[in-house]
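**Student:** what follows is a predicted protein model with its sequence.
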Amino acid sequence: MSDRVAELLRAPDTLQAEVDRLGPWFQNLHLPHGVQTAPDHFLPDYPASKFAGFAAALPDDLHGATVLDIGCNAGFYSFEFKKRGAGRVVGIDSDEHYLAQARFAAAAQGYTDVEFRNLSVYDVGALGEKFDWVIFMGVLYHLRHPLLALDLIREHVAGDAMLFQTMQQGGEAEIAVPEDHPFHVPGTWDPPAYFDDPGYPRMHFIEQRFASDWTNWWAPNMACSKAMLRAAGFTIEAQPEPEVYVCRVADVPYSQYGPAAVYPAKGTPA
């Protein structure tokens, strides 16, 4: 802890002033002296209120586990995993504004061994290590290339488990899809009807803003979220909320044909 932060902790007024200086905050963190970072959040006490709905799906004891928090924002989930005994915890985000908040909040709460780095999800390979747990919460729908991100996570940093959440739209129905899709209903020129079924995996593209946020590009239905996780090489162990998934690494479908991320191998090299 730096001398400056230590001084701020001794004085509630200056702690509050530093919180104000680092604002606006998206995550409402509870700091010493009763100071909160976003007490007027439009979702009350977010993300603690969200976490309360699925926290029981996580192990109580994560002693020594290594954790990568992708899109860490101000570090809420990094700190929650640290509270459960996690060992090495790394939070990455591409926004220095949020990283400054996370570093300050870590110091204010005494988490001196949580590392925060400026890194995109597309660059996780640069970390050069795999983690026992990957946290990938509230990021997928902000990405221009969501399946690529899942592929890169699976290939480079997911060592065992992943806590995943995405915004979903379009209902929670699911249908069994065929292993191989024909162009037409056999014996006709009619397209298969399952593509119009609400339970078919479907990703909605948001060309303009969603909830006044231009970074919300995608909204999968639940069937699509599950299909994308399976396609990237994850199996779903628990779904404590409709949009929250506890996953484990699994075999990557079609991996015998080459790497899944970005450039699939085709044919035989000359």
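**Tutor:** Now that the structure is in, tell me what you want to look at. Numbers count the residues shown, from 1 in each chain.
**Student:** where does this structure have low pLDDT?
**Tutor:** For the chain, the stretches flagged by pLDDT under 70 are 1-6, 8, 260-270.
**Student:** now the residue nearest the centre of it, what's its secondary structure?
**Tutor:** Centroid check for the chain by Cα atoms, centre = their mean gives F136 as the closest residue, at 1.8 Å. Here F136 is recorded as strand under DSSP: H, G, I helix; E, B strand; the rest coil.
**Student:** who does it form a beta bridge with?
**Tutor:** When bridges are called by DSSP bridges, F136 pairs up with I70, F164.
**Student:** what distance do you get for it to E237?
**Tutor:** As judged by Cβ to Cβ, to the nearest Å, F136 and E237 stand 15 Å apart. Yep, even glycine has a C-beta here, placed from its N, CA and C like the rest.
**Student:** picking that back up, quick check, the residue nearest to the centre of the chain in contact with V157.
**Tutor:** No: taking contacts as Cβ atoms under 8 Å, F136 lies outside contact range of V157: 9.8 Å.
**Student:** just the strands in the chain please.
**Tutor:** According to DSSP state E, the chain carries its strands in the segments 67-70, 89-93, 114-118, 131-137, 158-165, 203-205, 218-220, 234-241, 244-249.
**Student:** mind putting the ones you listed into TSV with distance to V35?
**Tutor:** Shown next, in TSV, are those (distance: least, Cβ to Cβ, whole Å):
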stretch	distance to V35
strand 67-70	22
strand 89-93	21
strand 114-118	19
strand 131-137	24
strand 158-165	27
strand 203-205	39
strand 218-220	35
strand 234-241	29
strand 244-249	28
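**Student:** closest one to F183 among the ones you listed?
**Tutor:** strand 203-205 (21.1 Å; Cβ to Cβ).
**Student:** helices or strands up against the closest one?
**Tutor:** Packing partners of strand 203-205 (3 or more Cβ pairs under 8 Å, 6 or more residues apart in numbering; DSSP states H and E): strand 218-220.
**Student:** name the surrounding residues that touch the strand it packs on.
**Tutor:** Strand 218-220 has contacts (Cβ atoms under 8 Å, 6 or more residues apart in numbering) with 140-141, 143, 146, 166-170, 201-206, 210, 228.
**Student:** the same query, at a cut-off of 7 Å, please.
**Tutor:** For strand 218-220, the surrounding residues in contact (Cβ atoms under 7 Å, 6 or more residues apart in numbering) are Y141, P146, T166, M167, Q168, Q169, M203, H204, F205, I206, M228.
**Student:** tell me which strands it pairs with, and in which orientation.
**Tutor:** Strand 218-220 is paired, per DSSP bridges, with strand 203-205 (antiparallel).
**Student:** buried residues in the strand it pairs with?
**Tutor:** Buried residues in strand 203-205, counted by 16 or more other Cβ atoms under 10 Å: M203.
**Student:** then stretch 202-211?
**Tutor:** R202, M203, I206, F210.
**Student:** cool, stretch 129-137 as well?
**Tutor:** In terms of neighbour count (16+ other Cβ under 10 Å), stretch 129-137 has its buried residues at F131, D132, W133, V134, I135, F136, M137.
**Student:** what sits closest to the fourth one if chain neighbours are left out?
**Tutor:** The spatial neighbour of V134 that comes closest, neighbours along the chain excluded (Cβ to Cβ, 6 or more residues apart in numbering), is M162 at 4.4 Å.
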